[in-house]
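> fold the following and give me the result.
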Amino acid sequence: MKSVLKKTGTSFPKYAGVMVFNGLLLLLLFILMKTRTCDQFRENLIEYKNPVHGKEAYIYKDVSFSYGFIYQEAADMIELRLATASSAMQPLCRAALKDKAGQCVQSWDVHDWHSEKKTYDNEITAELELDSAVLYGGQKYVIEITAPEVTDENSVCIKRLSLCRTINNYFGAVACLILFISANLWWFNADKSVEKWAPGVLIGAGLIMLIIMSPSSQPNENNHYNATLKLSNLLLGRQILNETEGEYECRPGQHYNYNSTFVEMIKHFWDSGEIDREEVFIHRYSFDIEQPISYLAPAIGMTVGRLLGCNYFQTYTLARLFHFIAFVIMICFAIRLMPFNKELILLIALMPMSMQQATSLSYDAVVNGMAIIYFAYLLRIIHEGKDFSVKNVLICTLLPGTFGPVKIVYCILALLVFMIPAKQFRVFRDRMLKCFSVLFITAFILMLTRYTDIASRVDGSIFGEVNPYYDMAFILKHPLMFSGIIARTLRNSVWTYLEEAVGSRLANYSIIIPLWWIRIYLLVLLIHAVFRDEKVLPDIKQRAIMLGTSALLFLSIMVTMALTYTPSDVGSIIGVQGRYFIPFFAPVLYCMSANKIPLKINRKYFTALIWFVYLGVIFEVMSQIVY
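Modelled structure (predicted):
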């Protein structure tokens, strides 16, 4: 045994380590299967949806609701959605299934509202399982719903009633399989350089998010889809960019991991595309593509799908795959550029929120990837210690000039160029000339591409309309008052922003990930940021520039959200989401580097925790399907 330990260089043999690793993953899998069962999908065979002809159905006291249907043998559940006037109400409701003779064949009580699936605070979706032994296919049945203890003032509304067929959820199982394969491949390669195993880890995590997050579930995804489709039309040489075949009309599902979307994918994903060139759909809501580079990768994927005659879901998946592949390429390139602490860059890219955006059509993936490349390139220049040449100036201008106009505030990251020490310039004048050239050219590119948008925010109008939000005039006139608004917002929400940036709320807040998973991931990030093996550390000036730039960017995001989303009569800034702060995670975490605190535990064991986090994310997402 001693000879084996000596050869492996570890405290226990490598094969024992992977067995323990897989054993712990399997243990967590068993615990999650007992506590967070993945939801099954439901295909609606017959559906009653309220309101009908503008009249809603309510139940109270002796007033009941009845609905007749023909039973289909494939059905195994009735889905009942109820709503009350207040989330504090938890009335007892009863449902009875009667045959054509009026005899009750099954009954259910809906009383524990906390245990039922919630869509909104005042709504529940009850699952009424059908007993096929007492039901006969083709026979007519009537379901009667009552609320005997409810008064007419607090009546219960029947929102929806569906006869459903349960479909097994294989999406979660496939995601778990990909996780175990990716985790084991990583374990056996983790002792090699990060460049060798980073692509496999990124692809594994991305495929997981691609599978468990349904199309259009990400923030503003419908707008991003329409912008991608618009650019795809341009690539196809279409003259009318807002016009496309009806097959590719964006389907509903924005912001939610909808059961109906998964069911449609299961039923129709492998169908051949039946493209009717005569059936034309014109976008009702156009979404500008002022920065086509942000949609170029998904547009190429969508164009490929359309040229091959793929159906909607196949084309959408190709667009998401191409977008994700572009993100993986950007992160792998950034890792190659990064002279040290490469794993920190990878961990930022692997955050569930980063992966969600990368596997959608959102331009966030381009902003995050390009911002990380820019930071890594600056550190490469500093590490090499060579003179800051004209070539470096052009590259440092190109990067923020590419991702900055996508979201205007991120042009501020161009200020990081001042991290480059004075010794890499000939004289002080040379330093000022080159650094300010980066800023001025970036600003010039910004003005060329986003002048209209910038002007509208400055003069307080939006496309000629009266602006209901805060404007620059108010901010400049009342700086202290506005500072108090920002301080109040930070006091109430700063930790929420940090947790959201990692991924505590996916699908635009509709999927809640427990905070212990998020804090485990934050711990891994912190350990990789603080404890470093390299002797090269940022000096005081460089830390000040990184923190100052990040603080200025944070402030600019708050101001932007005040100008675009916050009504002028609201005392705190609203609309801010944690994902907006991902682009400056790298400089902030790099500032925490220290070499006086020894880390005697192999970093590999901390990195392994991300697989446990992703296993938790799979079950949380799959247990919060919206019906």
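
> SS state for the residue nearest the centre of the chain?
Against the mean C-alpha coordinate of the chain, by C-alpha atoms, centre = their mean, the closest residue is Gln356 at 3.5 Å. Secondary structure assignment for Gln356 (DSSP: H, G, I helix; E, B strand; the rest coil): helix.

> got a list of what it touches?
Met209, Met213, Gln218, Gly503, Leu506, Ala507 (C-beta atoms under 8 Å, 6 or more residues apart in numbering). To be clear about C-beta, it is placed using only N, CA and C from the backbone, and glycine gets the same treatment.

> and the residue nearest to Cys157 when sequence neighbours are not counted, how many neighbours?
In space, not counting the residues next to it along the chain, Cys157 is nearest to Ala83; the distance is 4.4 Å by C-beta to C-beta, 6 or more residues apart in numbering. By the measure other C-beta atoms under 10 Å, the count of residues near Ala83 is 19.

> Ala83 touches Ala147, doesn't it?
No. Using C-beta atoms under 8 Å, Ala83 is not in contact with Ala147, being 11.9 Å away.

> between these two, which contacts overlap?
Val156.

> who's in contact with Asp271?
Counting by C-beta under 8 Å, 6+ apart, Asp271 touches Asn311.

> for it, helix, strand, or coil?
Looking at Asp271 with three-state DSSP, the answer is coil.

> got phi/psi on Pro538?
Per-residue torsions, Pro538: phi -70, psi 140 (degrees, to the nearest 10).

> and the gap between it and Phe554?
In this view, Pro538 and Phe554 are 19 Å apart by C-beta to C-beta, to the nearest Å.

> got the contact list for Tyr377?
Each residue near Tyr377 by C-beta under 8 Å, 6+ apart is listed here: Leu337, Ile395, Cys396, Leu399.

> who wins for most neighbours among those?
Going by other C-beta under 10 Å, Cys396 tops these with 26 neighbours.

> from one end of stretch 521-540 to the other, what's the distance?
One end of stretch 521-540 sits 28 Å from the other (C-alpha to C-alpha, to the nearest Å).

> pLDDT on that stretch, on average?
Stretch 521-540 comes out with an average pLDDT of 82.

> low-scoring stretches of this structure, by residue?
The chain contains residues with pLDDT under 70 at 1-14, 49-55, 86-88, 112-121, 252-255, 273-290, 450-467, 533-535, 595-601.

> so in it, which strand runs the longest?
Looking across the chain with DSSP state E, the single longest strand is strand 156-167.

> would you mark the buried spots in that one?
Buried positions in strand 156-167, judged by neighbour count with 16 or more other C-beta atoms under 10 Å: Val156, Cys157, Ile158, Lys159, Arg160, Leu161, Ser162, Leu163, Cys164, Arg165.

> tabulate those (TSV), appending distance to Gln106.
As requested, the buried residues of strand 156-167 are exported to TSV (distance: C-beta to C-beta, whole Å):
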residue	distance to Gln106
Val156	20
Cys157	23
Ile158	18
Lys159	21
Arg160	19
Leu161	15
Ser162	16
Leu163	13
Cys164	15
Arg165	17
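
> ok, those vs Ala96, which is closest?
Nearest to Ala96 among those is Leu161, at 13.2 Å by C-beta to C-beta.

> got the contact list for the closest residue to that closest one other than its chain neighbours?
Counting by C-beta to C-beta, 6+ apart, Leu161 lies nearest to Tyr48, which is 4.4 Å off, once chain neighbours are set aside. Contact analysis of Tyr48 by C-beta under 8 Å, 6+ apart lists Tyr67, Ile158, Arg160, Leu161, Ser162.

> Pro538 and Phe554: who's more crowded?
Phe554 (21 against 18).

> leaving out chain neighbours, which residue sits closest to the more buried one?
Per C-beta to C-beta, 6+ apart, closest to Phe554 is Phe581, 6.9 Å.

> separation between the residue nearest to Cys157 and Ala57?
11 Å.

> again with Asn22
Separation of Asn22 from Ala57 (C-beta to C-beta): 53 Å.

> these two: which is more packed in?
Ala57 (20 against 14).

> you'd agree that one is up against Cys157?
Yes. Between Ala57 and Cys157 there is a contact at 7.1 Å, judged by C-beta under 8 Å.

> gap between stretch 297-308 and the chain center?
22 Å (C-alpha atoms, centre = their mean, to the nearest Å).

> quick check: buried residues in that stretch?
Along stretch 297-308, these residues count as buried under the neighbour rule (16+ other C-beta under 10 Å): Ala297, Pro298, Ala299, Ile300, Gly301, Met302, Thr303, Val304, Gly305, Arg306.

> which stretches of the stretch 251-400 of the chain form strands?
Using DSSP state E, counting those that start in this stretch, the strands found in the stretch 251-400 of the chain span residues 280-282.

> just the helices in it please.
In the stretch 251-400 of the chain, the helices defined using DSSP state H, counting those that start in this stretch lie at 259-268, 296-307, 312-337, 342-350, 352-358, 364-384, 390-403.

> ok, and which of those has the densest surroundings?
With neighbours defined as mean count of other C-beta atoms under 10 Å, the helices of the stretch 251-400 of the chain peak in mean count at helix 352-358, which reaches a mean of 27.

> quick one: that helix to chain centroid distance?
Distance of helix 352-358 from the chain centroid (C-alpha atoms, centre = their mean) equals 5 Å.

> and stretch 177-194, by the same measure?
24 Å.

> CA atoms only: put it into PDB for me.
The C-alpha coordinates for stretch 177-194 follow below in PDB (Å, rounded to 0.1, in the frame of the first residue of the first chain):
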ATOM      1  CA  LEU A 177     -26.600  11.000 -16.400                       C
ATOM      2  CA  ILE A 178     -24.700  13.800 -18.200                       C
ATOM      3  CA  LEU A 179     -23.700  15.100 -14.800                       C
ATOM      4  CA  PHE A 180     -22.200  11.800 -13.600                       C
ATOM      5  CA  ILE A 181     -20.300  11.300 -16.900                       C
ATOM      6  CA  SER A 182     -18.900  14.900 -16.900                       C
ATOM      7  CA  ALA A 183     -18.000  14.700 -13.200                       C
ATOM      8  CA  ASN A 184     -16.100  11.500 -13.600                       C
ATOM      9  CA  LEU A 185     -14.300  12.700 -16.700                       C
ATOM     10  CA  TRP A 186     -13.300  15.900 -14.800                       C
ATOM     11  CA  TRP A 187     -12.100  13.800 -11.800                       C
ATOM     12  CA  PHE A 188      -9.700  11.800 -13.800                       C
ATOM     13  CA  ASN A 189      -8.300  14.900 -15.600                       C
ATOM     14  CA  ALA A 190      -8.500  17.500 -12.700                       C
ATOM     15  CA  ASP A 191      -4.800  17.100 -12.000                       C
ATOM     16  CA  LYS A 192      -3.900  18.300 -15.500                       C
ATOM     17  CA  SER A 193      -3.900  21.900 -16.700                       C
ATOM     18  CA  VAL A 194      -7.200  23.700 -16.700                       C
END
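
> could you list the buried residues of it?
Neighbour counts over stretch 177-194 (16+ other C-beta under 10 Å) mark Ile178, Leu179, Phe180, Ser182, Ala183, Trp186, Trp187, Ala190, Val194 as buried.

> now tabulate those in JSON lines and tack on secondary structure and distance to Ile382.
Shown next, in JSON lines, are the buried residues of stretch 177-194 (DSSP: H, G, I helix; E, B strand; the rest coil; distance: C-beta to C-beta, whole Å):
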{"residue": "Ile178", "secondary structure": "helix", "distance to Ile382": "38"}
{"residue": "Leu179", "secondary structure": "helix", "distance to Ile382": "37"}
{"residue": "Phe180", "secondary structure": "helix", "distance to Ile382": "40"}
{"residue": "Ser182", "secondary structure": "helix", "distance to Ile382": "33"}
{"residue": "Ala183", "secondary structure": "helix", "distance to Ile382": "34"}
{"residue": "Trp186", "secondary structure": "helix", "distance to Ile382": "30"}
{"residue": "Trp187", "secondary structure": "helix", "distance to Ile382": "33"}
{"residue": "Ala190", "secondary structure": "coil", "distance to Ile382": "28"}
{"residue": "Val194", "secondary structure": "helix", "distance to Ile382": "19"}
